[in-house]
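Q: 3D, please:
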Amino acid sequence: MGVQRIDVTATTTAPAGAVYALLRDGASWPDWSPIGSFELESPGEDGGESLGAMRVFRTGRITSRERIVELVPERRLSYVLVSGLAIKGYRADVDLTEGPDGTTIRWHSSFRAKVPGMGGIYRRALTMVLQRCADGLARAAAAAHAP
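A: Model prediction:
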């Protein structure tokens, strides 16, 4: 079973700091993404949603548990899927690149399907979800940063 890769982007007029603040705040995700609800299952090393935090996102009947594995202020948030989907080795990196006109959000991930032949199906579905997340994050950051 091959590694599946997803790579989506969105741009916003907001600075990277505003985008990063929303990304770090799991409670804001249901406002700007297709995620239905958020719960902090366990805090990270420095409390709250810091490195090592376990975050639970629910959408319909799907409950995914994700651990924050990398944080670079105003530049990157990375997480791994611990449970919730029939995939393994899932890691997502959300990279922020600030330019003169705003910030580019690059949300990219990789994984392997647990069930042979299902990788492409998961990749297509997750690509749509992650694009909606990136686009929603871009809109929310722009709105939060609007004069």
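
Q: Could I get the full set of strands for the chain?
A: Along the chain, counting by DSSP state E, strands occupy 4-12, 37-42, 54-59, 62-72, 76-83, 87-99, 102-113.

Q: Pairing partners for the third one, with directions?
A: Sheet pairing of strand 54-59 (DSSP bridges) gives strand 37-42 (antiparallel), strand 62-72 (antiparallel).

Q: deepest of those strands, which one?
A: The highest mean neighbour count among the strands paired with strand 54-59, using mean count of other CB atoms under 10 Å, belongs to strand 62-72: a mean of 16. Yep, even glycine has a C-beta here, placed from its N, CA and C like the rest.

Q: Show residues contacting it.
A: Residues outside strand 62-72 that contact it (CB atoms under 8 Å, 6 or more residues apart in numbering) are 24, 41, 44, 49-58, 76-85, 91, 93.

Q: Buried only: go through the residues you listed for me.
A: 24, 44, 49, 53-57, 76-81, 84-85, 93 (16 or more other CB atoms under 10 Å).

Q: Would you mind naming the residues that bridge with the closest residue to residue 37 other than its chain neighbours?
A: Spatial nearest neighbour of residue 37, chain neighbours left out: residue 58 (4.6 Å); criterion: CB to CB, 6 or more residues apart in numbering. With beta bridges defined as DSSP bridges, residue 58 has these partners: residue 37, residue 63.

Q: do residue 68 as well
A: Beta-bridge pairing for residue 68 (DSSP bridges): residue 79.

Q: Look at it and report its pLDDT.
A: What the model reports as pLDDT for residue 68 is 98.
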